[in-house]
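> the following block contains a protein sequence and its predicted model.
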Amino acid sequence: MNFMTKNAYKRFAPWLKKINNLEPKAASLSDSELAGKTEAFRRRCKNGKPPDALLPETFAVVREAAKRVIGQRHEDVQIIGGIALHFGKIAEMVTGEGKTLTAVLPAYLNGLSGRKVHVVTSNEYLAKRDRLWMGPIYEFLGMRVGVILPSSGYQDRQKAYEANITYGSYNEFVFDYLRDSRLISTKDDFQEFLNDLSGKQTIGPCQKELSYAIIDEIDSILIDAGTQPLSISEPIGIPAAVHIKAMQTALRLTKGVHFSLDEKKRSVEVFQEKIEEDGMLPYELVELGEDRWKSYIRSSLRALHVLEKDREYLVVNQRLIVVDPFTGRAAPNRSFGEGLQQALEVKENLPVSAETRPVLTTNYPLYFNHYSKLAGMTGTAKTEAKEFKKVLGLEVVSIPTFLPSKRRRGPDGVYATEAEKMNAIVQTIKGCQKEGRPVLVGANSVLKCEAVSQILSEWGIEHHVLSARRHEQEAEIIAQAGQTGRVTVVTNMAGRGVDIVLGEGVAELGGLHVIAIEHHDSRRIDDQLFGRAGRRGDPGSGQCFVSLDDDLFRIFRNNEKVQRLLTSVSKEKDDTGKLIQPKSVEKKIMEAQLFIQRYHFQLRKGLIKQADQIRKWRESDKYNPFADNWDHFVF
Ligand SMILES: Nc1ncnc2c1ncn2[C@@H]1O[C@H](COP(=O)(O)OP(=O)(O)OP(=O)(O)O)[C@@H](O)[C@H]1O
Ligand SMILES: [Mg+2]
């Protein structure tokens, strides 16, 4: 137990003691007496009892209810986690410790006053799973639970938001918010529309209030996806011919003469004067004005030279679909902005869609700042603790583990070339299969998953691939990943939060073995992948494989010193291609990850400043959390 975890225990020990002391009393109640507690708590809330005062009793009641309804009793560490969440902290609880069950404690307590509690998950599958899994506990206690899914229609959403506790993915919450605000900002037109509907005036904002949110996998939302602009858009009436002309022009431009390419930033600079001088522009583009044509040319060039099919986007049924860069999942509701979507459509020879313009934009940190109280959970937050404090004023509290972890992570297997690395991976998988141990293989992108899958097929290794294309089967595929002898290939992020239950006898064989076929840019995401094994004291193991061809080393491309080092270490290898002295390579990996982390932090800095102003405003006297939230939109 390190200093921080000891601290969490010490800090919340008095609460824990009270809750534990109440356990026998809660256990002695009949089912209906236990369920009847909710009404009594509600009355006390109404009479002005502050939620903190109800904490011990409510937690004891929820613990007892969970025990009876789903047969799981909150461990002390989960109670501590729940207290941290109630006090608006980020509870850092190791992967597999049971954060889902933990969240029920503060959700119930904070829902008693009638305020809406939103439990925000990182994807649709988890929202559905958590609602199904935890729902019966709330319902037993007489609380209403709802879930919003991408497929939910307007009325389903309204109903879900009326519940005391609403589960949903972060995407759904934020887009409902944007749609609601759009509705309000166009109220006049809207009133007319409503009048036309005569009598069917049921449409209005569906999110009632932004009161208390418990955000699962908070680092993935606020750090990894923190800068992603989230917009709702309307068509701007640019004809498809313009996008086609822009692409035709881009194809005739010369790199280094008419434009330059920055691989790291993944950006293109257009040399306007040179393009004009060489008379490259057709009339249709000139007519648009300088800003517009430059932006279309830039988009066409990015479509040609930067974005890759099956990596950044997919083509499904003649439609271009964005792949979320963080999860590797298809995001059919999203489209690329600034004409990039259309440029890609032209490139792929698809029907060109209407270009739209964002009318309202926000991002996750800004959206979640609107809540009166925020709490978060994740297995990996400590490294970003400073940023959480700064951006959202959230403190990270590390919670100790229930049982000591039995997960073993081997040292990286470092190979000179990609081919040697893949060969070693195949041998490892075959070894596990012989023992009957299941293997989870993680890759950074959909493209990589498919490449691995192909190699496995060539070797005759039966396996299951989870990728953007097979998104619908995600739950099924992952749920089975702990079965004897099974091999499952996933993108690193797809596995986040998914509970892999071991098949019969698998624990005795050593549990699940996780193989990362490469390091991710972010160490946290590496850790999340390895966190799929060895959950709650189960045995499990993991190893990352590295080759000097890996993408991560690309940032050292122009660094001669590092290049020399990599060349020299690549010569000292055994006959499988495994490097004899991988230490210096491992150091470079850490450096690269840190470098990229810092680089992304720079990108987020502007955002922090913005969020900082909001935080100040929230802390000022003028701020009334329960006033009409709609007056305070900041985009
Ligand atoms: N108190 C408990 N008693 C028995 N089993 C539990 C308890 N709490 C959690 N579990 C089990 O532990 C497993 C992991 O739970 P869960 O998926 O909520 O973990 P997590 O902390 O959210 O992990 P991740 O960081 O990967 O999302 C589940 O199978 C769950 O049923
Ligand atoms: Mg989880």
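Alright, I've got the coordinates. Ligands and ions are numbered 1, 2, ... in the order given.

> in this structure Gln272 contacts Lys294, no?
Yes: with contact defined as CB atoms under 8 Å, Gln272 reaches Lys294; the gap is 5.9 Å. Yep, even glycine has a C-beta here, placed from its N, CA and C like the rest.

> tell me the residues on the stretch 351-500 of the chain that lie near ligand 2, please.
Gly497 (CB under 5 Å from the ion).

> close to ligand 1: what parts of the stretch 351-500 of the chain are there?
379, 497, 499 (CB under 6 Å from any ligand atom).

> please name the nearest non-neighbouring residue to the second one.
The shortest distance from Gly497 to any non-neighbouring residue, by CB to CB, 6 or more residues apart in numbering, is to Leu126 (5.0 Å).

> and after the helix or strand harbouring the one you found, which helix or strand comes next?
For Leu126, the element it lies in under DSSP states H and E is helix 124-140. For helix 124-140, the following helix or strand on the C-terminal side (DSSP H and E) is strand 145-148.

> flag every buried residue along whatever helix or strand comes next after that following strand.
Next in sequence after strand 145-148, counting helices and strands by DSSP H and E, comes helix 154-162. Within helix 154-162, the residues that count as buried by 16 or more other CB atoms under 10 Å are 157-161.

> which helices and strands does helix 154-162 pack with?
Contact analysis of helix 154-162 by 3 or more CB pairs under 8 Å, 6 or more residues apart in numbering; DSSP states H and E lists strand 145-148 as its packing neighbours.

> hmm, 10 Å instead?
strand 145-148, strand 165-169, helix 170-185 (3 or more CB pairs under 10 Å, 6 or more residues apart in numbering; DSSP states H and E).

> how about the helices in the stretch 301-450 of the chain?
Using DSSP state H, counting those that start in this stretch, the helices of the stretch 301-450 of the chain run over residues 340-347, 364-368, 385-392, 418-435, 446-458.

> follow-up on the earlier one: tilt between the helix holding Leu126 and strand 165-169?
170 degrees (axes from the mean of the first three to the mean of the last three CA atoms, to 10 degrees).

> can helix 124-140 be found next to ligand 2?
No: residues of helix 124-140 are not located near ligand 2 by CB under 5 Å from the ion, the shortest gap being 6.9 Å.

> is any part of that helix close to ligand 1?
No: applying CB under 6 Å from any ligand atom, one finds helix 124-140 out of contact with ligand 1, separated by at least 7.8 Å.

> how about that helix: buried residues?
124-131, 133-135, 137-138, 140.

> for ligand 2, state which of these is nearest.
Leu126 (6.9 Å; CB to the ion).

> show the pLDDT at Phe633.
Turning to Phe633, the model gives it a pLDDT of 33.

> repeat for Lys265
77.

> pretty sure it contacts His600?
No: applying CB atoms under 10 Å as the test, Lys265 and His600 come out as separate, 11.7 Å apart.

> if we can go back for a sec, flag whichever of the helices of the stretch 301-450 of the chain has the least confidence on average.
helix 385-392 (a mean of 82).

> only C-alpha atoms, please: export that one in CSV.
In CSV, the C-alpha atoms belonging to helix 385-392 read as follows (Å, rounded to 0.1, in the frame of the first residue of the first chain):
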residue,chain,number,x,y,z
ALA,A,385,-3.6,14.0,-11.7
LYS,A,386,-2.2,17.5,-12.1
GLU,A,387,-4.2,18.1,-15.3
PHE,A,388,-7.4,16.8,-13.8
LYS,A,389,-6.9,19.2,-10.9
LYS,A,390,-6.2,22.1,-13.3
VAL,A,391,-8.9,21.4,-15.9
LEU,A,392,-11.8,20.4,-13.8
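
> how about it: buried residues?
For helix 385-392, by 16+ other CB under 10 Å, it's 385, 387-388, 390-392.

> quick check: Gly540 is in a helix.
No: counting by DSSP: H, G, I helix; E, B strand; the rest coil, Gly540 falls outside a helix, being strand.

> tell me the bridge partners for it.
Arg407, Leu512 (DSSP bridges).

> which stretch of helix or strand covers Ala66?
helix 51-70.

> show me what that helix is packed against.
By 3+ CB pairs under 10 Å, 6+ apart, helix 51-70 packs against helix 3-28, helix 31-46, helix 76-86, helix 99-111, helix 124-140.

> now do the same contact list for the nearest residue to Val452 once chain neighbours are set aside.
In this structure, Val452 finds its nearest non-sequential neighbour in Val489, 5.3 Å apart by CB to CB, 6+ apart. Going by CB atoms under 10 Å, 6 or more residues apart in numbering, Val489 touches 429, 439-443, 448-453, 456, 463-467, 477, 481, 515, 517.

> and those, which are buried?
Judged by 16+ other CB under 10 Å, buried ones among the contacts of Val489: 429, 439-443, 448-453, 456, 463-467, 477, 481, 515, 517.

> and the chain, which residues reach ligand 2?
Taking CB under 5 Å from the ion as the contact definition, the chain meets ligand 2 at 99, 497.

> in the chain, what helix or strand scores lowest on average pLDDT?
When the helices and strands of the chain are scored by mean pLDDT, DSSP states H and E, helix 187-197 comes last with a mean of 53.

> Tyr212 and ligand 1, how far apart?
Distance, Tyr212 to ligand 1, by CB to the nearest ligand atom, to the nearest Å: 19 Å.

> hey, what's that residue bridged with?
What pairs with Tyr212, by the bridge criterion (DSSP bridges), is Val117, Lys373.

> that one contacts Gly114, correct?
No: in this structure, Tyr212 is not within contact of Gly114 by CB under 10 Å, at 11.7 Å.

> domain ranges for this structure?
In terms of domains, the chain is parsed into 3-193+205-226+365-401, 234-349, 406-594 (source: automatic domain parsing).

> among those, which is nearest Glu355?
When the domains of the chain are compared by CB to CB, domain 234-349 sits nearest Glu355, at 4.8 Å.

> thinking again about what came up before, who has more neighbours out of Lys265 and His600?
Neighbour count, other CB atoms under 10 Å: between Lys265 and His600, His600 has more, with 16 against 11.

> could you check how many residues crowd around the residue of the chain found nearest ligand 2?
Per CB to the ion, Gly497 is where the chain lies closest to ligand 2, at 4.0 Å. Using other CB under 10 Å, Gly497 has 26 neighbouring residues.

> got the confidence number for it?
Note on Gly497: pLDDT of 84.

> isn't it right up against Leu529?
No: assessed by CB under 10 Å, Gly497 is found out of contact with Leu529, at 11.8 Å.

> ok so, going back, return the most buried member of the helices and strands packed on helix 154-162.
strand 165-169 (a mean of 27; mean count of other CB atoms under 10 Å).

> good, wrapping up.
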